[in-house]
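Novice: Predicted structure and sequence below. I'll ask about it afterward.
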Amino acid sequence: MNTIWKFPFEIADDFYLTMPKGSQLLAVAMQGDMPCLWAIVDPEAPKETRKFHLSGTGHELGVQYTKTMYVGSFQMKGGALVFHLFSCD
């Protein structure tokens, strides 16, 4: 049975998350002081490690955006910082 899981992550240009294979990415947002990614997952599926890239508004993208999937954007520090999350799979 599918369910929705939350994946907190640290702010870094590139980072990896281990999640069930085939997870469907839903949203990215701040929860309290922590950025989080939500996904529909099959808890019984084998796990895989997925690469993600964060880019701040006005910063060089740092990845070939044609080889990424845009996940979403989120704000920190009352909107002073805006980040854009890409899946690099």
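Specialist: Now that the structure is in, tell me what you want to look at. Quick caveat: nothing in here was measured; it's all calculated off a predicted structure.

Novice: next structured bit after the strand ranked longest in the chain?
Specialist: Taking DSSP state E as the assignment, the strand of the chain that covers the most residues is strand 47-56. Past strand 47-56, further along toward the C-terminus, the next helix or strand under DSSP states H and E is strand 69-76.

Novice: Now that following strand: buried residues?
Specialist: By neighbour count, and taking 16 or more other Cβ atoms under 10 Å as the criterion, the buried residues in strand 69-76 are V71, F74. For the C-beta atoms, the positions are set from N, CA and C on the backbone; glycine is no exception.

Novice: Can you list the strands that the next helix or strand after it pairs with?
Specialist: Per DSSP H and E, strand 69-76 leads on to strand 81-87 as the next helix or strand towards the C-terminus. Looking at strand 81-87 with DSSP bridges, its partner strands are strand 47-56 (antiparallel), strand 69-76 (antiparallel).

Novice: Just put those in JSON lines and tack on distance to N2 and mean pLDDT.
Specialist: Putting these into JSON lines (distance: least, Cβ to Cβ, whole Å; pLDDT from 0 to 100) gives the following:
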{"stretch": "strand 47-56", "distance to N2": "15", "mean pLDDT": "95"}
{"stretch": "strand 69-76", "distance to N2": "19", "mean pLDDT": "96"}
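
Novice: got CSV for those, with distance to M1 too?
Specialist: Supplementary listing: the strands paired with strand 81-87 in CSV, determined by distance: least, Cβ to Cβ, whole Å:
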stretch, distance to M1
strand 47-56, 17
strand 69-76, 24
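
Novice: re earlier: chain center to the longest strand of the chain: distance?
Specialist: When C-alpha coordinates are averaged (Cα atoms, centre = their mean, to the nearest Å), strand 47-56 and its chain have centres 6 Å apart.

Novice: If we go by neighbour counts, what in it is buried?
Specialist: Taking 16+ other Cβ under 10 Å as the basis for neighbour counts, the residues of strand 47-56 that come out buried are R50, F52, H53, L54, S55.

Novice: likewise stretch 16-25?
Specialist: Neighbour-count burial for stretch 16-25 flags L17, M19, P20, S23, L25 (criterion: 16+ other Cβ under 10 Å).
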